[in-house]
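1. Fold the following for me, if possible:
(one chain, ligands or ions: 2)
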Amino acid sequence: MKILTGIQPTNILHIGNYFGALKPAVKLSQENDLLMMIADYHAITVPQDPKQLKENILFATAAYIATGIDPKKTVLFQQSQVPEHTELGWILQTLTYMGEAERMTQFKDKSGDNQKRVSVGLFTYPTLMAADILLYNTEAVPVGADQKQHLELTRDLAERFNHQFGKTFVVPEPLIPEHGAKILSLNDPLKKMSKSSPTAKSYVSIMDTPDVIVKKIRSAVTDSERTITVDDNRPGLKNLLTILHLITGESLVDIAGSYEDKGMKELKDDLAEALVLYLGPLQAEIRGLLENKDELQKIIEIGSREAHKLANNQIKIVKNKMGLL
Ligand code: AMP
Ligand code: TRP
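-> Ligands and ions are numbered 1, 2, ... in the order given. I've put the predicted structure just below:
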């Protein structure tokens, strides 16, 4: 199967990104053709510091490789180095209805009270995401639950284009993991864990130090019940059990069962310890890779050249169908 996913290069990669998107993509890359995109054009829909952005692109590359992406097998590339993304993005904008774009809940969430001052790019970003996917005949897209609506738009645009201009695009499926598709904020478990949260207490970054991890997990908001149960009405607790499940592979019910005689404090201590042990080797690997930035840069360039070849084929087909070529 042909699979593509993208993650924005920011200086934080939290455990929601890691378990919701990155880890599932790595697993899929073992038996499928994966394209892994550093979504830098998406990142600039909100202001970025140029020096920091450059660092973040290299950090993202190192983090993907440390998680298990093999650049010899996977096309690991940088979105802005493949100009066909913006070309097809523009074309798809002309096929997208205002009403459709206005329904996107992520835009509403991200723009908040600031609707008049956010960039037009943030508003049209789902059409660029559709272009990312449709350029490569992608059949499936591993993402967290928050991207489901963008995938639906992508499918609608593929079908609309095929209907108007003749069969061109594969209509892609979202691949949303059963557990971990929506890791919740630690200090407000009614919201998802998010990079753009105003407080660092709400997430665990994969680069957090052991002390910080312990502090954040200990202060995670749960509830005042004493027993440990798997219950959708106890979202804070269920979130902690889910994270532990993602690390150990044990089922939520089994984990909860092992805390029959213990309480929330023990669960939090054990989770903090498990996270520290899990993230330690990953952090060491990332730091090691970041010592050789030239090598990382070379990997991105090779991957981007490969993506450019594939995308260039597809854009020619699209332009032909539309009468542009
Ligand atoms: P972003 O950081 O917005 O580029 O997101 C990268 C990937 O992580 C996307 O597939 C998201 O759906 C996924 N993701 C973001 N936040 C979470 C979360 N709290 N839980 C699970 N997956 C998430
Ligand atoms: N929009 C995604 C996010 O913010 C990132 C992304 C960009 C993406 N292009 C993509 C994900 C293509 C999957 C496929 O999380």
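
2. quick one: the strands in this structure?
-> Counting by DSSP state E, the chain has strands at residues 2-7, 33-38, 75-78, 140-142, 173-175.

3. Put together CSV for the ones you listed, with mean neighbour count on each row.
-> For glycine as for every other residue, the C-beta is placed from the backbone atoms N, C-alpha and C. Formatted as CSV, the strands of the chain follow (neighbours: other C-beta atoms under 10 Å):
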stretch, mean neighbour count
strand 2-7, 22
strand 33-38, 25
strand 75-78, 24
strand 140-142, 23
strand 173-175, 18
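
4. Redo those as TSV? Include distance to residue 219 and mean pLDDT.
-> Formatted as TSV, those follow (distance: least, C-beta to C-beta, whole Å; pLDDT from 0 to 100):
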stretch	distance to residue 219	mean pLDDT
strand 2-7	27	96
strand 33-38	32	98
strand 75-78	36	98
strand 140-142	31	95
strand 173-175	33	96
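
5. Looking at those strands, which is nearest to ligand 2?
-> strand 2-7 (3.1 Å; C-beta to the nearest ligand atom).

6. Next, the angle from the closest one to strand 33-38.
-> 20 degrees (axes from the mean of the first three to the mean of the last three C-alpha atoms, to 10 degrees).

7. Packing partners of strand 2-7?
-> helix 23-29, strand 33-38, helix 120-134, strand 140-142 (3 or more C-beta pairs under 8 Å, 6 or more residues apart in numbering; DSSP states H and E).

8. nearest to ligand 1, of the strands of the chain?
-> strand 2-7 (4.1 Å).

9. Let's see that closest one as PDB, backbone CA atoms only.
-> This file holds the C-alpha atoms of strand 2-7, laid out as PDB (Å, rounded to 0.1, in the frame of the first residue of the first chain):
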ATOM      1  CA  LYS A   2       1.100   3.600  -0.600                       C
ATOM      2  CA  ILE A   3       1.100   5.600   2.600                       C
ATOM      3  CA  LEU A   4       1.900   9.200   3.300                       C
ATOM      4  CA  THR A   5       1.900  11.300   6.500                       C
ATOM      5  CA  GLY A   6       3.200  14.700   7.600                       C
ATOM      6  CA  ILE A   7       4.100  16.300  10.800                       C
END
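
10. what angle do it and helix 120-134 make?
-> 160 degrees.

11. ok so, going back, so which of the helices and strands packed on strand 2-7 comes closest to residue 153?
-> helix 120-134 (5.2 Å; C-beta to C-beta).

12. contacts for the closest one?
-> 4, 6, 37, 39, 41-42, 44-46, 79, 84-89, 91-93, 96, 101, 104, 106-107, 110-111, 141, 147, 149-151, 153-154, 157-158, 161, 169-170, 172, 314 (C-beta atoms under 8 Å, 6 or more residues apart in numbering).

13. swap in stretch 156-173?
-> Counting by C-beta under 8 Å, 6+ apart, 2, 92, 95-96, 100, 127, 130, 133-134, 137-141, 151, 154-155, 317-318, 321-322 sit against stretch 156-173.

14. Spell out which parts of this structure neighbour ligand 1.
-> Applying C-beta under 6 Å from any ligand atom, we find that the chain lies next to ligand 1 at 7-8, 16-17, 20-21, 143-144, 146-147, 180-183, 192-193, 195.

15. low pLDDT regions in the stretch 51-200 of the chain?
-> Nowhere does the stretch 51-200 of the chain drop to pLDDT under 70.

16. what about the residue of it found nearest ligand 1, how many residues close to it?
-> As assessed by C-beta to the nearest ligand atom, ligand 1 sits closest to residue 144 within the stretch 51-200 of the chain, at 2.6 Å. Using other C-beta atoms under 10 Å, residue 144 has 22 other residues around it.
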